Every structure is written in C-alpha cells, then in structure tokens.
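[1] generate coordinates for the sequence data below:
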Amino acid sequence: FPYTTLFRSRHPLVRLAGEIDWDFLAGRFSSVCGVGPGQPPLPTRLVAGLFILKHTHNLSDEALCDRWVENPYFQYFCGEVVFRHELPFDRSSLTRWRQRLGEEQIAALLQESLSVAHRSGAITTEDLERVAVDTTVQEKAVAHPTDARLTHRAIEKLVELAKREGVELRQSYLRVAKRAAIMVGRYTHAHQFKRARRELKFLRTRLGRIIRDIRRKIEGNTALEDCFGPLLALALRVRHQEQRQRGPKVYSLHAPEVECIGRGKARAPYEFGCKVSIATPVTAPRGGQFVLHAKALHGNPYDGHTLGPVIADLEKLTGVTVRRIHGDKGYRGHNHPDRFKVWITGQVRRVTKAIRREMRRRAAIEPVIGHLKGDHRMGRNYLKGRDGDRINAVLAAAGYNFSLLLRWFEELLRALSLILCRALLAPRLI
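    Numbers count the residues shown, from 1 in each chain. Have a look, this model is predicted:
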C-alpha cells in the first residue's frame with residue numbers, strides 16, 4: 001500500500017529526503033559501477049540512504065536491516081514507493097558498497113550534508129570561512145594488547161591455518177600455550193613478575209617452534225607459501241618485538257594497521273587506532289556545530305604537519321576559502337602556507353577583540369568530537385583495514401551533520417506550527 005496513508009508529510013525524515021540532492025549522490029556513486037553482465041547494482045539512493053540512516057541513528061548493519069523492514073519512514077527515505085515487508089538487499093551488500101566506493105566517493109555524503117544545511121539556512125558562508133581544527137583518536141575494535149595475548153593468538157591462528165590447509169605439525173602446543181597465557185596474567189596481577197616473564201618466554205619459545213615447523217613443511221610449495229606468508233610475517237614480528245622498542249609494533253593480528261597513540265589522558269594513557277582530524281566552524285551557526293571536514297591520518301603524524309593538507313581538502317570540499325583557522329597548542333610549528341591565517345591557543349600577537357572571541361569558542365569542537373564518538377560510531381571502528389578507518393571517519397561526520405539537520409527541521413516545523421496557531425487564535429478585528 002502507498003506511503004501517503006502511513007506517515008506524516010511533516011516528519012523530519014520526509015523533509016530531509018526532499019531537501020537532499022539525490023541526483024548528485026547518484027552521479028558520484030554510479031561512477032564506480034560498470035556496465036556489463038551480472039546482477040544490476042542496488043539503486044544509489046537506497047545505498048546512500050542506508051549509510052545516512054546507519055550513522056545518524058548509531059546502528060550496526062544488522063540493526064539497520066531490522067529497523068528498515070519495520071519503519072516506513074526509513075523505507076521512504078531510501079526511495080521506496082510502497083511499504084515492503086522484506087529486505088531488497090543483503091546485509092553484506094553494505095560491506096561490498098563501502099569497499100567499492102571508498103573514501104573519495106563516500107565524502108559526497110558529507111559534502112551534501114553541508115549543501116543541505118546551507119540551502120536550508122542552518123549554516124552560512126561566513127561560518128565556513130572561520131574554522132577550528134583539532135585531532136582525536138578513532139579507536140579500533142581490538143582487545144587491549146599484551147605480549148602474552150598476542151603470542152597466544154599467533155599460536156592459535158597458525159595452528160588453525162595449518163589444520164585448514166592440511167599441514168601436519170609435530171605438535172600444536174594449544175593446551176600448554178593456553179595455560180601459560182593464563183598464568184602470565186595471574187602472576188602479573190600478583191606482582192610476581194619473574195614468574196610472569198618465565199611463562200611469557202615459554203610462549204615465545206613455542207611460537208618459534210611452530211613457525212620453524214611450518215616453514216620446513218611448506219618449503220618449495222608456492223601455493224602454501226603464499227597462503228602462510230602474511231600470517232607468518234606477523235607472527236615473527238610478534239615473536240621478536242620488545243616492550244620498549246622503537247618503531248612500529250603489532251598490536252592486533254586481525255588489524256595490524258593499529259597504532260598506539262598517547263594523548264596524555266589520565267583515564268586512558270594510550271589509545272589503539274588511528275588519528276582523525278576534525279574541522280568545525282568557530283562561529284555559532286543557527287543549525288548547530290556542523291563538521292566541515294573529517295579525515296583519518298595514519299602513521300600518527302604531528303598535528304601541526306597535518307594542517308596544510310587538511311585545510312586544502314576542506315576548501316576543496318566546501319568551495320569556500322578559509323580566512324581564519326584556530327587550533328590548540330598541538331599545532332605550533334604547523335605547515336600551513338599562510339601562517340597569518342592561523343591562530344594558536346594562548347597567542348598574544350595579532351589578536352583583536354573579534355579574534356579573541358573566536359579563540360574562546362575554539363573549545364566548542366570538543367563536545368562535537370564527543371558526540372561523534374558516542375553517538376555516531378567513531379568511538380569504536382569495526383570496519384576493516386586502513387580504508388575502513390578512512391570511511392568510518394567520513395561516515396561518522398556525515399551522520400552527525402544529518403542528525404543536526406533532522407533537529408533543525410523539527411525546530412522549523414515547530415516554529416511554523418506555533419505561528420499558525422497564534423494566527424488562528426488571535427482575535428479578529430471587526
């Protein structure tokens with residue numbers, strides 16, 4: 001049955017669906033689809049709508065599929081004409097579309113959210129010219145890394161892969177390795193560090209035996225060497241890495257791209273993931289503090305060395321030249337080509353009353369980062385690889401912007417209803 005009998009035309013999702021330029025998103029998304037044999041791709045409006053709804057309402061892929069079937073507003077937002085009682089797509093379709101689109105095409109969602117905000121009056125061009133920039137850590141969905149846990153997991157993964165590929169090992173050490181990993185934790189908790197180091201050495205010795213045994217068994221077999229190569233390389237790094245060594249380390253076997261980043265927080269001295277740069281207006285837009293730019297930065301770069309590329313991407317995304325940039329003291333020694341556009345917290349020179357007022361508002365970016373992490377899936381990234389880090393950062397920013405737009409349309413409808421009620425209730429002059 002048609003949707004006109006199911007929902008209110010003044011619902012914020014209905015209003016937002018009418019404001020979004022779906023043709024623009026279709027043009028960007030369809031560029032990755034080729035014409036040829038096989039099943040035709042899903043409609044681009046359906047894919048774009050699913051990504052927006054997922055990160056706006058902080059839903060997993062499975063929860064999104066369940067909500068989509070039972071919510072007519074979700075279906076209308078994604079372009080459906082009649083109510084559907086079954087999914088027209090598979091849950092894994094979202095994963096394949098994320099991999100196919102990549103960060104460059106998914107950034108169109110963030111760009112369109114800013115366009116809708118600008119057209120609806122939630123943000124102005126002046127708001128885009130003065131920005132605040134900061135960085136945070138997007139944590140990966142990994143367990144807290146310890147030497148014992150990583151060594152034990154390397155043993156388990158190597159034994160499992162050998163069993164799957166038909167490589168017969170002299171001994172698997174699964175039973176004794178599990179006990180040793182447990183005892184490392186118990187001895188460490190009891191401050192018996194000498195015994196804990198003894199059990200850790202036992203684990204590393206058994207991992208080394210398994211690595212050498214597998215190498216002997218697969219020597220000369222190109223197919224098996226290609227199959228075992230990546231995991232053996234990771235296991236060898238885990239076997240030989242030390243606690244205080246310099247350079248990159250392995251913190252997770254299923255996500256080797258994870259980096260250890262120290263932010264100086266008392267509750268979390270170290271966070272495991274990647275650094276993300278966030279830019280917001282330093283003014284107070286009518287619709288809220290929109291995210292103007294979000295980008296994952298791998299390699300744990302110094303904040304100041306990221307400012308130049310970030311502002312260049314921001315100007316390309318919005319089409320507006322940035323006049324003033326405000327950052328914290330982590331941006332001292334930045335690489336922006338025009339240093340007279342940048343103001344650092346605590347700076348005294350070149351500070352007028354207007355700029356001092358903007359510098360006090362630089363801290364408004366902190367609650368925005370908190371909302372991105374707590375409400376829009378940036379706090380724990382479940383997407384695979386470095387591409388997943390980049391995609392999740394952009395989708396979280398777009399979802400945050402669309403949530404502000406939904407609230408903006410609700411306030412507009414509420415104000416319009418109040419004006420109409422007052423007009424109807426006002427006494428008529430005779």
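
[2] wait, doesn't residue 24 sit right on residue 112?
    Yes - with contact defined as CB atoms under 8 Å, residue 24 reaches residue 112; the gap is 6.2 Å. Yep, even glycine has a C-beta here, placed from its N, CA and C like the rest.

[3] so where's the stretch 1-150 of the chain uncertain?
    Counting by pLDDT under 70, the stretch 1-150 of the chain has low-confidence residues at 1-7, 34-35.

[4] would you map the helices across it?
    12-19, 22-29, 44-56, 61-70, 72-77, 91-119, 125-129, 147-165 (DSSP state H, counting those that start in this stretch).

[5] and residue 24 and residue 112? which has more neighbours close in?
    residue 112 (22 against 14; other CB atoms under 10 Å).

[6] quick check: the more buried one touching residue 23?
    No - the criterion here is CB under 8 Å, and residue 112 misses it with residue 23 at 10.6 Å.

[7] pLDDT of the helix ranked longest in the chain, averaged?
    Scanning the chain for the helix with the most residues, using DSSP state H, yields helix 385-425. Mean pLDDT, computed over helix 385-425, is 88.

[8] show me what that helix is packed up against.
    Applying 3 or more CB pairs under 8 Å, 6 or more residues apart in numbering; DSSP states H and E, one finds that helix 385-425 makes contact with helix 12-19, helix 44-56, helix 91-119, strand 130-139, strand 270-281, strand 293-297, helix 365-375.

[9] return the distance of that helix from the chain's centre.
    20 Å (CA atoms, centre = their mean, to the nearest Å).

[10] which residues does residue 22 contact?
    44, 45, 48, 79 (CB atoms under 8 Å, 6 or more residues apart in numbering).

[11] if we use 10 Å, what do you get?
    Shown in contact with residue 22 (CB atoms under 10 Å, 6 or more residues apart in numbering): 43, 44, 45, 48, 49, 79, 112.

[12] surely the second one and residue 100 touch.
    When you say that, I think you mean residue 44. No - if you go by CB atoms under 10 Å, residue 44 and residue 100 don't touch, sitting 11.4 Å apart.

[13] list residues touching both of those two?
    Counting by CB under 10 Å, 6+ apart, the shared contacts of residue 44 and residue 100 are 29, 32, 33.

[14] the last one: what's its closest spatial neighbour, skipping adjacent residues?
    Spatial nearest neighbour of residue 33, chain neighbours left out: residue 41 (5.0 Å); criterion: CB to CB, 6 or more residues apart in numbering.

[15] residue 386 touches residue 298, doesn't it?
    Yes - assessed by CB under 10 Å, residue 386 is found in contact with residue 298 at 5.7 Å.

[16] find the residues that touch each one of the two.
    Counting by CB under 10 Å, 6+ apart, the shared contacts of residue 386 and residue 298 are 257, 274.

[17] which regions of the stretch 251-400 of the chain sit below the pLDDT cut-off?
    Using pLDDT under 70, nothing in the stretch 251-400 of the chain is flagged.

[18] which residue of residue 44 and residue 100 possesses the greater neighbour count?
    residue 44 (21 against 13).

[19] ok, the more buried one - contacts?
    Listed by CB under 10 Å, 6+ apart, the contact set of residue 44 reads 22-23, 25-30, 32-33, 79, 97, 101.

[20] how far away is it from residue 37?
    Distance, residue 44 to residue 37, by CB to CB, to the nearest Å: 20 Å.

[21] and for residue 309, the neighbour number?
    15.

[22] for the one 5 residues further on, same thing?
    Residue 314 sits with 22 neighbouring residues when counted by other CB under 10 Å.

[23] can you pull the contacts of it?
    Residue 314 sits next to 128, 131, 133, 277, 279, 292-295, 320-322, 325 when contact means CB under 10 Å, 6+ apart.

[24] are any of these buried, and if so which?
    By neighbour count, with 16 or more other CB atoms under 10 Å, these hold 128, 131, 133, 277, 279, 292, 293, 294, 295, 320, 322, 325 as buried.

[25] picking up where we left off before, for the residue nearest to residue 33, grab phi and psi.
    With angles defined as degrees, to the nearest 10, residue 41 sits at phi -70, psi 160.

[26] pull the contacting residues for it.
    29, 30, 32, 33, 34, 47, 93, 96, 97, 100.

[27] any idea how far residue 418 is from residue 424?
    Going from residue 418 to residue 424 by CB to CB gives 11 Å.

[28] more neighbours, the two?
    Legend: neighbour count by other CB under 10 Å for residue 418 and residue 424, higher for residue 418 (10 against 7).

[29] residue 171 is nearest to which of the helices and strands packed on helix 385-425?
    strand 270-281 (32.4 Å; CB to CB).

[30] what pairs with the closest one, parallel or antiparallel?
    Using DSSP bridges, the strands paired with strand 270-281 are strand 130-139 (antiparallel), strand 259-262 (antiparallel), strand 293-297 (antiparallel).

[31] could you dump the ones you listed to JSON lines with distance to residue 16?
    Putting these into JSON lines (distance: least, CB to CB, whole Å) gives the following:
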{"stretch": "strand 130-139", "distance to residue 16": "25"}
{"stretch": "strand 259-262", "distance to residue 16": "35"}
{"stretch": "strand 293-297", "distance to residue 16": "20"}
